[in-house]
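Novice: quick one, what's the 3D model for this:
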Amino acid sequence: MKKTVLITGILFLLALIGCKQEPANPIEGAWNLIYVKRIVNDSVASQFPLTYQGSDIKMWTRKNWSFVAHYTQDTITTDAFGGGTYTLNGNIYEENIVFHFNKDLIGQTLRMLMTVKNDTLIQIWPVDEEGTINKSDCTVEKYIRLD
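Specialist: Sure thing, here's the model as predicted:
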């Protein structure tokens, strides 16, 4: 009887260990862009939604990202899209661009500092290998989780 209980206990523990799930990826899902500030040479070059209007949805799966957007600035309307693969190591995020409405970006990798807190995701780019931001030339994007 004791052997049966012991074997059952060991099998139960092995089953629990075997069912161990990977930690949830905090960026997986769909996100709505609510704010962008582009700084060039220490001056604000553009802001969303101030200097342009529209909508932008960005989505992440376990390995891939994509976005679709529609913007209007003055009288010019732009439909935008892009996607590719990414890596996330701590708060250093690297986005490999596989397709993009701006053909010059295809094949490039953007390194960003990414933070997620509750339902808010913030990306700041570009950053160096250590995640240091050049505050005089950077872009800050803020998203709210949709799902």
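
Novice: make it CA atoms for all contacts and neighbour counts henceforth
Specialist: Will do.

Novice: next SSE after the helix or strand bottoming out on mean pLDDT in the chain?
Specialist: Every helix and strand of the chain was ranked by mean pLDDT, DSSP states H and E. The lowest is helix 2-18, at a mean of 47. Going down the chain from helix 2-18, the next helix or strand is strand 29-40, by DSSP states H and E.

Novice: packing partners of that next one?
Specialist: In terms of contacts (3 or more Cα pairs under 8 Å, 6 or more residues apart in numbering; DSSP states H and E), strand 29-40 is packed against strand 43-48, strand 53-60, strand 138-145.

Novice: which other helices and strands contact the shortest one?
Specialist: Think strand 43-48. So strand 43-48, by 3+ Cα pairs under 8 Å, 6+ apart, packs with strand 29-40.

Novice: angle of the strand it packs on against strand 53-60?
Specialist: Compare the direction of strand 29-40 with that of strand 53-60 by axes from the mean of the first three to the mean of the last three Cα atoms, to 10 degrees and you get 120 degrees.

Novice: next one: Asn91 from Asp42, what distance?
Specialist: Relative to Asp42, Asn91 is positioned 24 Å away (Cα to Cα, to the nearest Å).
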